[in-house]
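Colleague: The sequence isn't on hand, but the structure is:
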């Protein structure tokens, strides 16, 4: 089996694993494997393919992943409906008991 095909399969497996886990790290590794697949298709020797994979994976995990995680974990800008009332002051207009009240 050609090395570029192995890297392509690894990229697909990492992409599926990323969809299952949503960690953003496996997606970056999948992109690195995809780029390495392209370099392998150009005929780069196997040791250099691993070097390309390691370089792209390191750069993407260290520099791109923090931005992606920050974007995914951003708090909601505005709440709507009943959720907007959580933590607000309220006035009781009728006695509140275990059976009813306002």
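Modeller: Alright, I've got the coordinates. Note that this is a predicted model, so its numbers are computed, not measured. Numbers count the residues shown, from 1 in each chain.

Colleague: Please count neighbours and contacts with C-alpha atoms only from this point.
Modeller: Noted.

Colleague: Let me see the residues that make contact with the helix or strand hosting residue 58.
Modeller: Using DSSP states H and E, residue 58 maps to helix 46-59. Helix 46-59 is contacted by residues 3, 28-29, 31-33, 35-36, 39-40 when judged by C-alpha atoms under 8 Å, 6 or more residues apart in numbering.

Colleague: what's the angle between the following helix or strand past it and helix 46-59?
Modeller: Using DSSP H and E, the helix or strand that follows helix 46-59 towards the C-terminus is helix 65-72. Between helix 65-72 and helix 46-59, the angle comes out at 40 degrees (axes from the mean of the first three to the mean of the last three C-alpha atoms, to 10 degrees).

Colleague: how much space between the most centrally placed residue in the chain and residue 71?
Modeller: When the chain is reduced to its mean C-alpha position, the closest residue under C-alpha atoms, centre = their mean turns out to be residue 24, at 2.8 Å. From residue 24 over to residue 71 the distance is 11 Å, taken as C-alpha to C-alpha, to the nearest Å.
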